[in-house]
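>>> take a look and give me a structure for this.
(2 chains)
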Protein chains: 2
Amino acid sequence: MASLMLTVSTSPLIHPSIRNNAFMPRRCIDQIHLHTTPSIRGCTLSVRSSSSPDTGFTRIDGNKEAKSIRDEIKIEVSRMDASIHVVPGLAVILEDLQRGSFYPWNPCSVASTIAINPKKDVDGFHPQNMGLLAMRGREPDFVPCTPKGCIELLHRYNVEVEGKRAVVIGRSNIVGMPVAHLLQNEDATVTTIHSKTKNPEEIAREADILIAAAGQPNMVRGSWIKPGAVVIDVGINHIEDPSAPRGRRLVGDVCYQEACKVASAITPVPGGVGPMTIAMLLSNTLTSAKRIHEFE
Amino acid sequence: MASLMLTVSTSPLIHPSIRNNAFMPRRCIDQIHLHTTPSIRGCTLSVRSSSSPDTGFTRIDGNKEAKSIRDEIKIEVSRMDASIHVVPGLAVILEDLQRGSFYPWNPCSVASTIAINPKKDVDGFHPQNMGLLAMRGREPDFVPCTPKGCIELLHRYNVEVEGKRAVVIGRSNIVGMPVAHLLQNEDATVTTIHSKTKNPEEIAREADILIAAAGQPNMVRGSWIKPGAVVIDVGINHIEDPSAPRGRRLVGDVCYQEACKVASAITPVPGGVGPMTIAMLLSNTLTSAKRIHEFE
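Down below sits the predicted model:
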């Protein structure tokens, strides 16, 4: 039995009953008290650890949703084990790479990415899967885990995507580019901003849905956010903080303390997108194993 | 000898001496006299047949640029023929398809697109090439011909792309999606609008570079265009016109007569992107033949 366990296929993760009800962004009552400064580092770093409905925003709880997904996965894995005595894992991919004499191998190299069979590409990074994701009317074998986790959070929190303005900050292959395609595939109108964009703050403020994936700690201040927007913070940045136990603290790309005064909903860091990425990798791996073993 | 002839590889098609000088969009002197109506069909269809500097806009001449490219191609083909007695053509691709028993075949089908070797995919439609085009730091073997022709026109008319707002109207696999990636790869800030976009006119008006690829005759009126913008019209629409010799007339997605009063530069239809598409197919086919025969 392989070590890594997995989840149900994509559709059971999405709740049609929730998705059919439109999410109505709320206007934050205390937005007029927001004071921002141009300094990126000036953002206070403390993050509220719990949801608080009376403060006018929803804290999108990635830990809770990821736990729910992992529970679904456990049921599926048990069912697969009991039925055909298979517990899915990453071994299939390692086998492929070793068979192609890519051992010792670098999993991020161009050669090993293309060497992976797209049908077993649970990371979703094979160029063929990227192309199928970008193309209309086509479906990739797998969607990259972090972007898939972002969209899953939007679904689970009943955020309407169709016809909304979405702005993606960052154009990386593993987050920015694929999440832009996922949003566009759901009929959002998407703008991607990046290091060469001249007025990122102004463009970000047009977004009903703002995805921050730039890798810049606390870059997105309150003034970047349209009142009532939904904000997904993909950033995982370690910054120095002498008051923290290890002298470092984990922060996102969004200044949470300012953002939660403007946004209608936001993911914290940690506890937002991070656990969803892991859950989506498990989901993709289960899907792969089900396909290989023709198990439904 | 095969029937279809081809062009030089990409780099000689782009003139560094031109590209290094920034294109400065001019403010159209008569823009304040523009009157638009909400009716799409109300656009007068006549297209000025020549450039006219005194009217304040540049007519981007696709016929002239395509001719220049074809001349370069002829030289390269002659050089290849004289040196290794090979004239490139499409036969290599047909051979591939026939070998895979895709005969009789539909060149647009999913199966035949994936069956083509990505290294011989002169249309650039293979999902792997689409993925490599979408990914940062990766290069597709071939770029689709119409999007490549659009970018080539921007280069040849010295249009600065880096840091500019670009809006692509339409998200098709053969034009909208790949041209958005080409623009983003050149550091434009790109928004793609489509049938589900709620305020397309307002978003289009933000564009310094506007690419119309919706397949809707005369959809883009003068009021959609930011003064001084560069407009590339990819539309090829046949509409009824009793006054035309055959009762039909070819028009683009842009109402040219209105657009040329606002834009700083615009492609006509016909005579804009169309001939560039053919030139780029020749270019890709020559590139393919050079690679196969290791000819430089």
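>>> can you classify A:Asp81 as helix, strand or coil?
The three-state assignment at A:Asp81 reads helix, by DSSP: H, G, I helix; E, B strand; the rest coil.
>>> for chain A, what lies in contact range of chain B?
Within chain A, the residues that sit near chain B (CB under 8 Å from any CB of the partner chain) are A:110, A:126-138, A:162-163, A:171-173, A:177, A:181, A:184, A:187, A:189-194, A:196-198, A:203. Quick note: C-beta positions are derived from backbone N, CA and C, even for glycine.
>>> all helices of chain A, in order?
Applying DSSP state H to chain A gives helices spanning A:10-13, A:16-19, A:62-84, A:91-99, A:110-115, A:127-134, A:145-156, A:176-185, A:200-204, A:256-259, A:273-292.
>>> quick revisit: in PyMOL, how would I select just the buried ones from the residues of chain A next to chain B?
Buried residues within the residues of chain A next to chain B, by 16 or more other CB atoms under 10 Å in any protein chain shown, are selected in PyMOL with:
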select buried, chain A and resi 126+127+128+129+130+131+132+133+134+135+163+171+172+173+177+181+184+187+189+190+191+192+193+194+196+197+203
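>>> which stretches of the stretch 101-250 of chain A form strands?
Assigned strands in the stretch 101-250 of chain A, in chain order: A:165-169, A:189-193, A:209-212, A:230-233, A:237-240, A:248-251 (criterion: DSSP state E, counting those that start in this stretch).
>>> quick one: A:Phe142 and A:Met280, what's the gap?
As judged by CB to CB, to the nearest Å, A:Phe142 and A:Met280 stand 10 Å apart.
>>> in TSV, list the strands of the stretch 101-250 of chain A along with mean pLDDT and distance to B:Asn158.
What follows is the strands of the stretch 101-250 of chain A, written out as TSV (pLDDT from 0 to 100; distance: least, CB to CB, whole Å):
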stretch	mean pLDDT	distance to B:Asn158
strand A:165-169	98	30
strand A:189-193	98	25
strand A:209-212	98	34
strand A:230-233	98	39
strand A:237-240	96	40
strand A:248-251	95	43
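>>> who wins for proximity to B:Val77 among these?
Ranking these by proximity to B:Val77 (CB to CB) places strand A:189-193 first, at 39.0 Å.
>>> contacts for the closest one?
Applying CB atoms under 8 Å, 6 or more residues apart in numbering or on different chains, the set of residues contacting strand A:189-193 from outside is A:163-171, A:176-177, A:180, A:183-184, A:200, A:203-204, A:206-207, B:184, B:189-194, B:196-198, B:203.
>>> poorly predicted segments of chain A, please.
Residue ranges of chain A with pLDDT under 70: A:1-55, A:90-113.
>>> at 80 instead, please
Across chain A, the ranges flagged by pLDDT under 80 are A:1-55, A:88-115.
>>> now the residue positioned nearest the centre of it: closest residue in space that isn't a chain neighbour?
Geometric centre of chain A, nearest residue: A:Cys150, 3.0 Å, by CA atoms, centre = their mean. Spatial nearest neighbour of A:Cys150, chain neighbours left out: A:Ile232 (4.9 Å); criterion: CB to CB, 6 or more residues apart in numbering or on different chains.
>>> any idea how far that neighbour lies from A:Ala207?
11 Å.
>>> just to revisit the earlier point, what about the residue nearest to A:Cys150, neighbour count?
A:Ile232 has 31 neighbouring residues, counting by other CB atoms under 10 Å in any protein chain shown.
>>> circling back: so for B:Arg70, which of the helices of chain A sits nearest?
Closest among these, once you apply CB to CB, is helix A:127-134, at 29.6 Å.
>>> got the angle for that closest one vs helix A:176-185?
Put simply, helix A:127-134 runs at 40 degrees to helix A:176-185, going by axes from the mean of the first three to the mean of the last three CA atoms, to 10 degrees.
>>> contact partners of helix A:127-134?
Taking CB under 8 Å, 6+ apart as the rule, helix A:127-134 contacts A:113-114, A:118, A:121, A:124, A:138-143, A:173, A:177-178, A:181-182, A:185, B:126-135, B:138, B:177, B:181.
>>> is it correct that A:Leu281 is in contact with A:Cys145?
Yes: contact status for A:Leu281 versus A:Cys145: in contact at 4.6 Å, counting by CB atoms under 8 Å.
>>> mutual contacts of those two, please.
A:Asp123.
>>> so for those two, which residue has more residues nearby?
Neighbour totals were compared for A:Leu281 and A:Cys145, and A:Cys145 leads with 26 against 23 (other CB under 10 Å).
>>> for the more buried one, give its distance to A:Val262.
Taken as CB to CB, the span from A:Cys145 to A:Val262 is 29 Å.
>>> now swap in A:Arg248 and tell me
27 Å.
>>> more neighbours, these two?
The neighbour count for A:Arg248 versus A:Val262, taken as other CB under 10 Å, is higher for A:Val262 (26 against 13).
>>> ok, the nearest residue to that one once chain neighbours are set aside - how many residues close by?
Leaving aside its chain neighbours, A:Val262 sits nearest to A:Ile225 (4.4 Å; criterion: CB to CB, 6+ apart). Neighbourhood size, A:Ile225 [other CB under 10 Å]: 31.
>>> next, give phi and psi for A:Ile225.
The phi and psi torsions at A:Ile225 (degrees, to the nearest 10) take the values phi -110, psi 130.
>>> so it makes contact with A:Ile203?
No: here A:Ile225 does not reach A:Ile203: they are 11.9 Å apart, not a contact under CB under 8 Å.
>>> OK, contacts around A:Ala212?
A:Ile169, A:Gly170, A:Met219, A:Val220, A:Val231, A:Ile232, A:Asp233, A:Val234, A:Gly235, A:Gly252, A:Asp253, A:Val254.
>>> looking at those, which is nearest chain B?
Using CB to the nearest CB, A:Gly170 comes nearest to chain B of those, at 10.2 Å.
>>> return the residues in contact with that closest one.
So A:Gly170 contacts A:Gly176, A:Thr192, A:His194, A:Ala212, A:Ala213, A:Ala214, A:Gly215, A:Val234 (CB under 8 Å, 6+ apart).
>>> can you list the residues you listed in JSON lines and add distance to A:Ala244?
Below are the contacts of A:Gly170 laid out as JSON lines (distance: CB to CB, whole Å):
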{"residue": "A:Gly176", "distance to A:Ala244": "28"}
{"residue": "A:Thr192", "distance to A:Ala244": "33"}
{"residue": "A:His194", "distance to A:Ala244": "30"}
{"residue": "A:Ala212", "distance to A:Ala244": "22"}
{"residue": "A:Ala213", "distance to A:Ala244": "24"}
{"residue": "A:Ala214", "distance to A:Ala244": "23"}
{"residue": "A:Gly215", "distance to A:Ala244": "20"}
{"residue": "A:Val234", "distance to A:Ala244": "22"}
